[in-house]
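In: quick check, what structure comes out for this input:
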Amino acid sequence: MENAKLEKALKVQLGKEYYTQKELQYGNSAGVFLSPYEYKEFLDYKDSLALEGHKNIHKLDLKTFNSKCIYYCKGEDLSCLLSSFFNVVIDDYIEHDSFLSKRFDQSIYKSRIYSEIEGTLNVENVPTTRRRLKELLEEDAPIKDTNDVIIKNMAHAMKFVESKPKFCKENLLILYDYLSKDSLEEENRLKQGDYYRYDTVDVGKYHGCPASEIDDCMNSLFNYADNLFKNGGEELFLLPHICHYYILYIHPYFDFNGRTARMVSYWIYLLLEGDYFPPIISEAINQTKSKYYSAIEYTRNNHNDMTYFLKYIFQLTIDYVLCYKNLEIVDRISKNKDIVLTDTELNYLKRIFISYEGKFAYYDFLKYAKVEMSKQGALKILNKFVNCGVLVEVDTPSKNKIFDLNKGVITYRLKFLNSKAYKK
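Out: You can find the predicted model right below:
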């Protein structure tokens, strides 16, 4: 492919939107038409620029096993997201008297555990699950099944990382032991004295890092993180997400790699000494799993171009923060009307904000909330939201009641996940 076409494609990628392979090949949005062979050339071109130190293509000092390097492209698209992240997320959180700060301080521990369990076990009955969490973690109820073991393991793992141990090989093994205790099949357990798996593993259609290379790769991650903690730099606030992806990429264990990766992201956030926004990533991922796996797939398929994964994570984080800002407003309005919304009801409302695609009925709400309840129970909750002013009833010939968000109350639109639905 001619250099001019390669340069044009790169210029497009560094513009307002970072396009996927399909979008660049069909060109309807991007304005660039690359054949499969040309796209392969384009990926090689970006690799070479990353290795040469291109000003907009940042190579990460991490070892790879199936590509020349790991990098991200900081064009207009990602730069705007990062700017929004600082403006929307960090600036709000450092206001210590804000609803958002207080709410996360009080609930992050429980919500984090719940979201991890939900993502792993596909739990749908939210109230029952929350009651069981309270029974196990606050009332020390006896363990009944594997799900209870996982809950306890998550609690122990969180207490470990909340003690802020150094991010290193030895402590990662301790974390993994907490997460996997009494939960692994015999063939998925590590050998005595080993830090990582001893055999190959497949990750869907991908292969994990060869067992003989895992130690070197993971050591590169520990060294990379250590250097950032010591010297700072722009990539420091990306570190939780870089670690998250890298552990998924290397897949150092036979099982529980995803759970470990998300817990490591929480660990890194804690080691940042509160300078950055507390993590709500697992909670958000559970609501947007298909986009999560797509972001990982795009990154893997594009020579470990982390731009796709970073975009997803930051877009998701911003949306969730805007969601909590809306909850703050609704909480204040409802109290002015002498209506008290419980934590469970606020959680349902949060699910509506995140999943919202337009007008909806009670059965849509049940899908959003991932909960089983009767039609009457769902309508009782939705009618309470109407009384609060956050929802409105829509006139319709349908026998079922139809609801919509009161966009006069929803101050903060979720700009990325459901932007079209939130327009007035």
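
In: what ranges does this structure have for its strands?
Out: 57-60, 70-73, 202-203, 206-207, 391-394, 402-405 (DSSP state E).

In: including mean pLDDT, could those go into JSON lines?
Out: Listed next are the strands of the chain as JSON lines, based on pLDDT from 0 to 100:
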{"stretch": "strand 57-60", "mean pLDDT": "97"}
{"stretch": "strand 70-73", "mean pLDDT": "98"}
{"stretch": "strand 202-203", "mean pLDDT": "88"}
{"stretch": "strand 206-207", "mean pLDDT": "92"}
{"stretch": "strand 391-394", "mean pLDDT": "95"}
{"stretch": "strand 402-405", "mean pLDDT": "95"}
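
In: go through those and pick out the most buried.
Out: Of the strands of the chain, the one with the most neighbours on average (mean count of other CB atoms under 10 Å) is strand 70-73, at a mean of 24. C-betas here are computed from N, CA, C, even on glycine.

In: and it, how far from the chain's centre?
Out: Counting by CA atoms, centre = their mean, to the nearest Å, strand 70-73 is centred 19 Å from the centre of its parent chain.

In: alpha carbons of that strand, in PDB - could you do that?
Out: Output in PDB follows, covering the C-alpha atoms of strand 70-73 (Å, rounded to 0.1, in the frame of the first residue of the first chain):
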ATOM      1  CA  ILE A  70       1.800  -3.100  23.200                       C
ATOM      2  CA  TYR A  71       0.800   0.500  22.600                       C
ATOM      3  CA  TYR A  72      -2.000   3.000  22.600                       C
ATOM      4  CA  CYS A  73      -2.800   5.900  20.200                       C
END
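
In: contacts for it, please.
Out: With contact meaning CB atoms under 8 Å, 6 or more residues apart in numbering, strand 70-73 is reached by 13-14, 18, 46-47, 50, 56-60, 62, 64, 78, 238, 246, 249, 304-307, 310.

In: low-confidence stretches in the stretch 101-250 of the chain?
Out: Applying pLDDT under 70 to the stretch 101-250 of the chain flags residues 101-130.

In: try 90 this time
Out: 101-141, 143-155, 158-159, 162, 203-205, 232-234, 237 (pLDDT under 90).

In: OK, contacts around the nearest residue to V330 once chain neighbours are set aside?
Out: Distances taken as CB to CB, 6 or more residues apart in numbering place V390 nearest to V330, at 4.9 Å, with adjacent residues excluded. V390 makes contacts with V330, I333, S334, L349, L405, N406, V409, I410, as judged by CB under 8 Å, 6+ apart.

In: switch the cut-off to 10 Å
Out: Residues near V390 by CB atoms under 10 Å, 6 or more residues apart in numbering: 326-327, 329-331, 333-334, 341, 349, 352-353, 384, 403, 405-406, 409-410.

In: tell me the confidence at I90?
Out: On pLDDT, I90 comes in at 62.

In: and for A421?
Out: Looking at A421, the pLDDT reads 56.

In: please apply the same query to K399.
Out: For K399, the predicted pLDDT is 82.

In: phi and psi next, for it.
Out: Note on K399: its backbone torsions stand at phi -70, psi -30 [degrees, to the nearest 10].

In: that one: neighbouring residues, count only.
Out: 6 (other CB atoms under 10 Å).

In: state the distance from it to N66.
Out: 56 Å (CB to CB, to the nearest Å).

In: show me what contacts the closest residue in space to N257 that isn't next to it in sequence?
Out: Spatial nearest neighbour of N257, excluding adjacent residues (CB to CB, 6+ apart): H251 at 5.0 Å. Contacts here follow CB under 10 Å, 6+ apart; on that basis H251 touches 196-197, 200-203, 206-209, 214, 257-258, 260-261.

In: from the residues you listed, pick the one nearest L366.
Out: G258 (26.5 Å; CB to CB).

In: residue contacts, the residue nearest to that closest one when sequence neighbours are not counted?
Out: The spatially closest residue to G258, leaving aside those adjacent along the chain, is L248, at 6.5 Å (CB to CB, 6+ apart). L248 makes contact with V203, Y206, G208, N257, G258, T260, A261, R262, I296, T299, R300, F309, according to CB under 10 Å, 6+ apart.

In: of the residues you listed, keep whichever come out buried.
Out: Buried subset of those (neighbour count, 16 or more other CB atoms under 10 Å): V203, G208, N257, G258, T260, A261, R262, I296, T299, R300, F309.

In: could I get the pLDDT score of the fourth one?
Out: Per-residue confidence at G258 stands at 89 (pLDDT).

In: could you measure from the residue nearest to S29 when sequence neighbours are not counted over to A9?
Out: Spatial nearest neighbour of S29, chain neighbours left out: E23 (5.3 Å); criterion: CB to CB, 6+ apart. Relative to A9, E23 is positioned 11 Å away (CB to CB).
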